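In: curious how this folds, go ahead:
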Amino acid sequence: MKNLVLIFCVLMAACQPKEKEQTSEEVGWEPIWNGTDLTGWHSYLNTPYQMKEDSAGNPIEAFGIDNDPLEVVSIVETDDGNAIRISGVAWGMIYTENSYKNYHLKLKVKWGEAMHKPRENGPRDSGLLYHGHSNIPGSELSHPWMNSQELQVQEGDMGDYWPVGEVEIDVPTVKKDSLYYQYKEGAALHTFYCAQILPTATQDSLAKRRIFKAFNAEKPHGEWNDVELITLGDSSIHIVNGEVVMRLYNSRIMNTDTPLNSGRLVIQSEGAEVFYKDLYIKSISEIPAKYKE
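Out: Numbering: from 1, shown residues only. Okay, the predicted model is just below:
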């Protein structure tokens, strides 16, 4: 009888489906969003619609940290599983408790429909900020985000670069037009920074802020886009739907030689409905072979 039981157990074990072995590309990925709530993240929200005063002329206070009475940030169910929905009604951000350094990040993002003042007539906008470093988010800045580098998530401009606050970076670029620059691999390095915060800011200060991606790799409105960010040392790579659209070098604190190579991850709320899901990160010690120059 014991032999029959043993044979039965062996047969049952053999019939069990085997766990799929991970490929080398799948090993090491860790979720930075648990798919159900915002554990491990915080929010900082400014006033609704960027309003400074109410109808009586009284100043309106920012919602602040982890105070979201309008449910600007929520977890929703989609046809493709749970996602973080950001309504965009109040400008601000969600940001990680942890800081990260030398990593490969990947996520999915798609646009919703709602658009809000003061950006109701512009392109839908959000952003993935990295190397975020502010003591209290938004408190000492003129905007509700951290000092950070930005991989732009804006409709039609996914993968562009913006400096946010007191940061700068070098990027190989060529002139796109009379004002702006565009990324071009192998071109001369130019330095970009938030010129608008300087006392000597000029009318062309935007030229030193925005860098256009090499080409458009974004999917049509309503489809999920795969966005990846690679940072190693003070260099980074912006990737949209598997295509490298920009490489950036010498990330640093503005007007210093201090490298900026780590910090929190930030997702912006900036006037438009947007959805994020499947956020994963992997520590790296070298650029993945697929994305080496």
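In: now do the contacts for residue 50.
Out: Contact partners of residue 50, counting by CB atoms under 8 Å, 6 or more residues apart in numbering, are 91, 117, 118. Bear in mind the C-beta positions are built from the backbone N, C-alpha and C, glycine included.
In: same thing but 10 Å
Out: 60, 90, 91, 116, 117, 118, 119, 144, 270, 271 (CB atoms under 10 Å, 6 or more residues apart in numbering).
In: now do residue 109
Out: Contacts of residue 109 were listed using CB under 10 Å, 6+ apart, and they are 83-84, 126, 128, 153, 158, 218-219, 224-227, 240, 267, 274-279.
In: rerun that using 8 Å as the cut-off
Out: Residues touching residue 109, when contacts are defined by CB under 8 Å, 6+ apart, comprise 126, 153, 224, 225, 227, 274, 275, 276, 277.
In: among those, which are in helices?
Out: Judged by DSSP state H, helices contain none of those.
In: closest one to residue 134 out of those, please.
Out: Distance ranking of the contacts of residue 109 against residue 134, using CB to CB, places residue 126 first at 18.8 Å.
In: could you report the separation of that closest one from residue 233?
Out: Between residue 126 and residue 233 the distance, using CB to CB, to the nearest Å, works out to 27 Å.
In: neighbour-wise, which of the two wins?
Out: residue 126 (24 against 13; other CB atoms under 10 Å).
In: which residues does that one bridge with?
Out: For residue 126, the beta-bridge partners are residue 153 (DSSP bridges).
In: quick one: the strands in the stretch 151-293 of the chain, in order.
Out: If you assign secondary structure with DSSP state E, counting those that start in this stretch, the strands in the stretch 151-293 of the chain sit at 161-164, 167-175, 181-183, 189-193, 211-212, 225-232, 235-240, 243-253, 262-269, 272-283.
In: hmm, back to that, dump the contacts of residue 50 into a markdown table; add neighbour count, distance to residue 67 and secondary structure as well.
Out: Formatted as a markdown table, the entries for these read as follows, by neighbours: other CB atoms under 10 Å; distance: CB to CB, whole Å; DSSP: H, G, I helix; E, B strand; the rest coil:
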| residue | neighbour count | distance to residue 67 | secondary structure |
| --- | --- | --- | --- |
| 60 | 14 | 13 | coil |
| 90 | 27 | 10 | strand |
| 91 | 26 | 14 | strand |
| 116 | 19 | 19 | coil |
| 117 | 12 | 21 | coil |
| 118 | 11 | 22 | coil |
| 119 | 17 | 22 | coil |
| 144 | 23 | 13 | coil |
| 270 | 25 | 18 | coil |
| 271 | 25 | 19 | coil |
